[in-house]
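Participant: structure for this input, please:
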Amino acid sequence: MLLLLPLAGCWSTPVRQEKPLPFVFRSLNLRQQDSQGRPAWELRSPEARYELAARMAYVRFPRGVIYTAGQARYRIRAARGTVFNDGERITLEQGVTIEVIGDRPVQITGDRVNWIPRQQLMEIDRRPVALDDQSRLSASTARFRLDLDRIELRGQPKLERWEAQPGPAVGQKGAAPIAPKGQTTAPSQRQGPPKTVLMVATVDWHPGSGSLLGSGPVQGIRKGDKGSRQLLSASRLVGNTREQWLDFQAPVKLTDTAQKALLQAGLSRWNFGTQRITSARPFSAVVGQLRIQGSSFEIQQKEQSVVVPQACDLRQPGDWLQATACHWNWTTQAFKATGGVLLRRTANKQVTRASEVSGSLGAKGLAVFTTPGGRVSSLLELPPKAPQRAPSAPVLF
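Facilitator: Next up is the predicted model:
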């Protein structure tokens, strides 16, 4: 009994459990293979802190590669990241860049990317942007389906387009640098404000192939010279950024505020490379007091001209002109109609036939027509003469 007394007076002090310190590694190297043993993805970092209990790794300056069928498809880099459960989910933050490897590289950037390798999915929820040498796609959020090579942009997506600028050839002074072997560069021609801005409801874009689908309504602005603007609207758009074209689905409306012009058309294609807007569908247009119709049209942006290649029909107060083709330059206001020209004038019911008629558009929006030469046939209907009164008999005083 006495032996138990000293034990009764002892108190046990609880042991303080300290949080284990994370392991710090000089580097991190994660690799994953697909079901056929080919590389699926890899992620490297020069420095990593690993928490064993949480199975989390904090990495600095991560770099990675994603493979498709064993071939390197995308390169990844960021300022920092977090790896969960040995790569089940990876969060990349600060200056995240995903580069599509190829001869015409594309970059996808964002401030934060949640990458789920097993689902081949990347979610960009902070300032997603996709860039090539002449275009910029942006939205509030984006989902990158790696297995489908498809970026789904949501939240006021916007397509900005720069026009190609002439420059020195490769190897000359001032030309873009040649990429080292095994690397790619995307020489940018995005200098100054964009020439064209298109706003759509949603965009699905395949950066590898360039295929693009935008749901409407579509609203666009194109800035011209001397502060002029062209406004565009369409129901939706389909295109290909690598092939440099966009198809605007009907109804298509194009307004030029400086020229006081309005064009309404069906399916129309905008070709970036040639800077042409064409349509093989019937259209109608109004320029001032001049009304134009035709079975097709072509807007030549470089030449600042509009061509109606078939069934040209022009009407204005007092005049009606029909021809095979018409050409109008909106800078010089010069106009030309060719091929079986038929000009009807209300005054005197005059009808003129010619192989070619030229003219210009005046300040009041009325066209003045002239026949520059060649054979002209005119039919002029004069008003009938008034009947002459018989002389009255002389008056005698």
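
Participant: which residues are contacting stretch 279-286?
Facilitator: Under the contact criterion Cβ atoms under 8 Å, 6 or more residues apart in numbering, stretch 279-286 has outside partners 250, 252, 261-269, 291-297. Any C-beta I mention is one placed from the backbone N, CA and C, and that applies to glycine too.

Participant: out of these, name the ones that lie in strands.
Facilitator: 252, 261-265, 268-269, 291-294, 297 (DSSP state E).

Participant: taking those residues together, which two end up most distant?
Facilitator: Using Cβ to Cβ, these span at most 24.1 Å, a distance reached by R269 and R291.

Participant: from the ones in strands among the contacts of stretch 279-286, which has minimum pLDDT?
Facilitator: Taken together, those show their lowest pLDDT at A261, with 88.

Participant: and the closest residue to that residue other than its chain neighbours, how many neighbours?
Facilitator: Closest residue to A261 apart from its sequence neighbours, by Cβ to Cβ, 6 or more residues apart in numbering: V287 at 4.5 Å. Neighbour count for V287, taken as other Cβ atoms under 10 Å: 23.

Participant: ok, how many other residues are close to P251?
Facilitator: 12.

Participant: so it makes contact with V218?
Facilitator: No. Between P251 and V218 there is no contact under Cβ atoms under 8 Å: 10.8 Å.

Participant: any common contacting residues for these two?
Facilitator: Contacts common to P251 and V218, judged by Cβ under 8 Å, 6+ apart, are A234, S235.

Participant: returning to what we had before: who's in contact with the residue nearest to A261?
Facilitator: Per Cβ under 8 Å, 6+ apart, neighbours of V287: Q259, K260, A261, W328, L361, G365.

Participant: which of the residues you listed scores worst on pLDDT?
Facilitator: Pick the lowest pLDDT in the contacts of V287 and you get G365, at 69.

Participant: coming back round to it: only whichever of the ones in strands among the contacts of stretch 279-286 are buried, select them in ChimeraX.
Facilitator: Buried residues among those (16 or more other Cβ atoms under 10 Å), as a ChimeraX selection:
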select :252,261,263,265,268,269,292,293,294,297
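
Participant: relative to K336, which of the ones in strands among the contacts of stretch 279-286 is nearest.
Facilitator: Closest to K336, out of all of the ones in strands among the contacts of stretch 279-286 and judged by Cβ to Cβ, is I292, at 13.4 Å.

Participant: now the closest one: closest residue in space, sequence neighbours ignored.
Facilitator: Per Cβ to Cβ, 6+ apart, closest to I292 is A285, 4.4 Å.

Participant: what about that neighbour, neighbour count?
Facilitator: 21.

Participant: can you put the ones in strands among the contacts of stretch 279-286 in a markdown table and add distance to D125?
Facilitator: Shown next, in a markdown table, are these (distance: Cβ to Cβ, whole Å):
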| residue | distance to D125 |
| --- | --- |
| V252 | 34 |
| A261 | 42 |
| L262 | 41 |
| L263 | 40 |
| Q264 | 40 |
| A265 | 38 |
| S268 | 35 |
| R269 | 34 |
| R291 | 50 |
| I292 | 48 |
| Q293 | 49 |
| G294 | 48 |
| F297 | 43 |
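
Participant: now do the contacts for Q32.
Facilitator: Counted by Cβ under 8 Å, 6+ apart, Q32 has contacts P39, A40, W41, E42, G87, P117.

Participant: list the contacts of H327.
Facilitator: S305, V306, V307, V308, F335, K336, A337, T338.

Participant: ok, and the most crowded of these?
Facilitator: Most surrounded of the contacts of H327: other Cβ under 10 Å gives A337, at 27 neighbours.

Participant: Y50 should be in a strand, yeah?
Facilitator: Yes. Under DSSP: H, G, I helix; E, B strand; the rest coil, Y50 sits within a strand.

Participant: beta partners for it?
Facilitator: Beta-bridge partners for Y50, by DSSP bridges, are F23, A57.

Participant: so what's the residue count around it?
Facilitator: With other Cβ under 10 Å as criterion, Y50 counts 17.

Participant: just L52 next, same as before
Facilitator: 9.

Participant: need the pLDDT of it.
Facilitator: 78.

Participant: now it: how far from V83?
Facilitator: 13 Å (Cβ to Cβ, to the nearest Å).

Participant: now W41
Facilitator: From W41 to V83 the distance is 12 Å (Cβ to Cβ).

Participant: the helices in the stretch 201-350 of the chain, which residues?
Facilitator: Counting by DSSP state H, counting those that start in this stretch, the stretch 201-350 of the chain forms no helices at all.

Participant: would you point out which residue is most central in the chain?
Facilitator: Centroid check for the chain by Cα atoms, centre = their mean gives L159 as the closest residue, at 4.3 Å.

Participant: what pairs with that residue across the strands?
Facilitator: When bridges are called by DSSP bridges, L159 pairs up with L137, L198.
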